[in-house]
Each structure stands twice: as structure tokens, then as C-alpha cells.
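Asks: fold the stuff below for me.
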Amino acid sequence: WLPAARAVPYGNMAALVQYVVLRGDLARPPFSWPLGAVVAQGCHAALAAVHGYRQHPDTGAYLEQGDAMRTVVLEAPDENSLLHLAEMLKEKGVEHKVWLENPEGIPTCLALRPYPKNQVQQHLKNFKLLK
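Replies: All right, here's what the predicted structure looks like:
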């Protein structure tokens, strides 16, 4: 855990958000994954991003929010759009984790580490909320 003094870099904690981008095609034919399996992919990606960037002050501040943590779940239409997003985020220096379903190695989800919303929202504007 991060010390509380390091865990509050911003005055407005509501501004911190974790974005999770799930492949929507996994729930539709031909894949037709059960809802629980798709949700699990998002959980895995979100936890992996938080764990991978656990030393970052924004991650500590986000976790310190407890019940007030904010997560936004968006939909990537397919694998190519998810991988294109991952490449663009990498080029922009936006820290994230692509989750692969194993043993198949299928990219299923991408999660950013917690960020101030205004720093990353513009990179995700082409993705709609998952429905």
C-alpha cells in the first residue's frame, strides 16, 4: 500500500477514473461467450493494470477512494480495434494492460491504470459504453 501522503496528488479525487475496454464481439456469434466469462476478462484486465502500476501515485489515490472509485467500461467492436487502441495508447505514452485469455492467447480486454479523466478521455472518444 502507498502511504496516504503519496496517495493524494490531486485535490479532486472524483477526477480519477479507470477505463476498461472489452471486446463486444466476444458476447455475440460466432464467439457467444457467456456474460460471466466476458465480465471476468474485464476484471482480470482492471486488476492487472492496477497491480502493474501499483507504485504510481494515481493508482494509490484511486484505491484510497474505496467505494467512490470510478470505472468506465467501454466496448471495442473486435480484436483489431482493441489492438489498434493498444498501439495508439502505447505511442501516446498512456499506461495500460492488454489482457490475453490463455492458453489461447486471445486479446480480450484492455485496461488503463487509473488516470485523471482529462488526461486520457480524448484517446477513448471513439468507443461507446459497453451495453
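Asks: which secondary structure elements does the one helix or strand residue 22 maps to contact?
Replies: Using DSSP states H and E, residue 22 sits within strand 16-23. When contacts are defined as 3 or more CB pairs under 8 Å, 6 or more residues apart in numbering; DSSP states H and E, strand 16-23 sits against helix 35-52, helix 57-64, strand 71-76, helix 79-92, strand 106-112, strand 115-116, helix 117-120. Heads up, the C-betas are built off the backbone N, CA and C, glycines and all.
Asks: mind listing what's buried along that strand?
Replies: Across strand 16-23, burial judged by 16 or more other CB atoms under 10 Å covers 16-23.
Asks: any residues touching that strand, and which ones?
Replies: 10, 38, 41-42, 45-46, 49-50, 58, 61-62, 65, 69-79, 82, 85, 107-117, 120, 124, 127, 130 (CB atoms under 8 Å, 6 or more residues apart in numbering).
Asks: who does the residue nearest the centre of the chain bridge with?
Replies: The centroid of the chain falls nearest to residue 111 when counting by CA atoms, centre = their mean (2.0 Å). Residue 111 forms beta bridges with residue 20, residue 97, as assigned by DSSP bridges.
Asks: surely it and residue 43 touch.
Replies: No - counting by CB atoms under 8 Å, residue 111 stays clear of residue 43, with 9.4 Å between them.
Asks: just the buried ones from the contacts of strand 16-23, in ChimeraX syntax?
Replies: Buried residues among the contacts of strand 16-23 (16+ other CB under 10 Å), as a ChimeraX selection:
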select :38,41,42,45,46,49,50,58,61,62,72,73,74,75,76,82,85,107,108,109,110,111,112,113,114,115,116,117,120,124,127,130
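Asks: thought residue 95 was touching residue 113?
Replies: Yes - at 4.8 Å, residue 95 and residue 113 qualify as touching, with contact defined as CB under 8 Å.
Asks: mutual contacts of the two, please.
Replies: What both residue 95 and residue 113 touch, as defined by CB under 8 Å, 6+ apart, is the set 49, 53, 56.
Asks: please list all residues in contact with the last one.
Replies: With contact taken as CB under 8 Å, 6+ apart, residue 56 is in contact with 95, 113-114.
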